[in-house]
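**Student:** My questions concern the predicted model and sequence given below.
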Amino acid sequence: MLDKLVIGDLKPYARASPESSSSSSSSLSCKASSAADNTNTNNYSYCLGWRLAVEVANTVRPWRTVPIEFFPDIETYMTGGQYYKDLELIVDQILSYVNDIVLHYDGMDAWVLDVDDTCISNIRYYKGRRYGCDPFDSTTFKAWILKGECPAIPAVLGLFNNLLARGLKVFLLTGRDQETLGKATTDNLHNQGFIGYERLTLRSSAYKGQSAVRYKSEIRKQIEEEGYRMWGNVGDQWSDLQGERLGKRTFKLPNPMYFIS
Ligand SMILES: [Mg+2]
């Protein structure tokens, strides 16, 4: 089972009111069209502000669903190309950092990657959930995971292979349940090209009920106590990048579809 999604309450913003226009029919049509344009612009601007608040500042938390007013803009963001451009920009920044660090090449240089919507994508599933506008449903999501058909996120697969080529040991860390989703997750990662990582850690029974922050902090602590130097840590959730033993640098990937605490 994935980490529990936290229930929040987002207040939808007020739409502009085209009905406030009045005049002759042609003028009314023109003004109504203009008002509709303004509404669309307001929607886009407000959605962009919301995404910045979610992704950059983490000020909208906890939240349960994407406000339904944002559905068209979130859909466009996730499927129209910008999401992948944002991923590429962040991965470029990560690679720039990786190229500048001085590794020890003693087998103890390490890196941590989250799995869901970091290595492999759940966008196909979330298309059916209106990209997060519908509440999280653990039953259908588990069924999706068991298919083992999450595609690789290309930019992160490239990062993964670059890290391996540099001699880093890559640790994959996920909140997926070890007992029920372990095989599907391993198979999915392998069939998408994530081969050669040092270790995949899924949530075992010992960590059930813990927050993602606490669970992932504990696993990172164990990695460091084995003697590894954790040069970087990448995830799509703030809870991947909060807590203890975070690594020397953390990198947040975009994901406006859901929030895990
Ligand atoms: Mg994730």
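**Tutor:** Sure thing, it's come through.

**Student:** C-alpha only now, for contacts and for neighbours.
**Tutor:** OK.

**Student:** Pull out the buried residues from the helix or strand encompassing Ala184.
**Tutor:** In this structure, Ala184 is located in helix 178-191 according to DSSP states H and E. Residues 178, 181-182, 184-185, 188-189 are the ones in helix 178-191 that count as buried (16 or more other C-alpha atoms under 10 Å).

**Student:** Same check on stretch 66-76?
**Tutor:** Neighbour-count burial for stretch 66-76 flags 66-67, 69-71, 73-75 (criterion: 16+ other C-alpha under 10 Å).

**Student:** Could I get the residues you listed in a markdown table, plus columns for distance to Ala53?
**Tutor:** Converted to a markdown table, these look like this (distance: C-alpha to C-alpha, whole Å):
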| residue | distance to Ala53 |
| --- | --- |
| Val66 | 13 |
| Pro67 | 14 |
| Glu69 | 16 |
| Phe70 | 14 |
| Phe71 | 17 |
| Asp73 | 15 |
| Ile74 | 14 |
| Glu75 | 18 |
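
**Student:** Just flag the most distant two among those.
**Tutor:** Pro67 and Glu75 (12.3 Å; C-alpha to C-alpha).

**Student:** Run through the residues that contact the residue in the stretch 101-250 of the chain that the ion sits nearest to.
**Tutor:** Distances between the stretch 101-250 of the chain and the ion by C-alpha to the ion are smallest at Asp116, namely 3.9 Å. Residues near Asp116 by C-alpha atoms under 8 Å, 6 or more residues apart in numbering: 122, 174, 236.

**Student:** Is the second one in a helix, a strand, or coil?
**Tutor:** So the one you mean is Thr174. For Thr174, the assignment made with DSSP: H, G, I helix; E, B strand; the rest coil gives strand.

**Student:** Please enumerate residues in contact with stretch 253-261?
**Tutor:** Residues outside stretch 253-261 that contact it (C-alpha under 8 Å, 6+ apart) are 3-6, 51, 54-55, 61-66, 74, 83, 86-87, 90, 117-118, 126, 131-133, 211-213, 234-239.

**Student:** how deep is Ser96 tucked in, by neighbour count?
**Tutor:** The number of residues packed near Ser96 is 11, by other C-alpha atoms under 10 Å.

**Student:** Name the helix or strand for it, please.
**Tutor:** Going by DSSP H and E, Ser96 is in helix 82-100.

**Student:** Show the model's pLDDT score for Arg130.
**Tutor:** Predicted confidence (pLDDT) for Arg130: 96.

**Student:** err, Ser261, not the other one
**Tutor:** 86.
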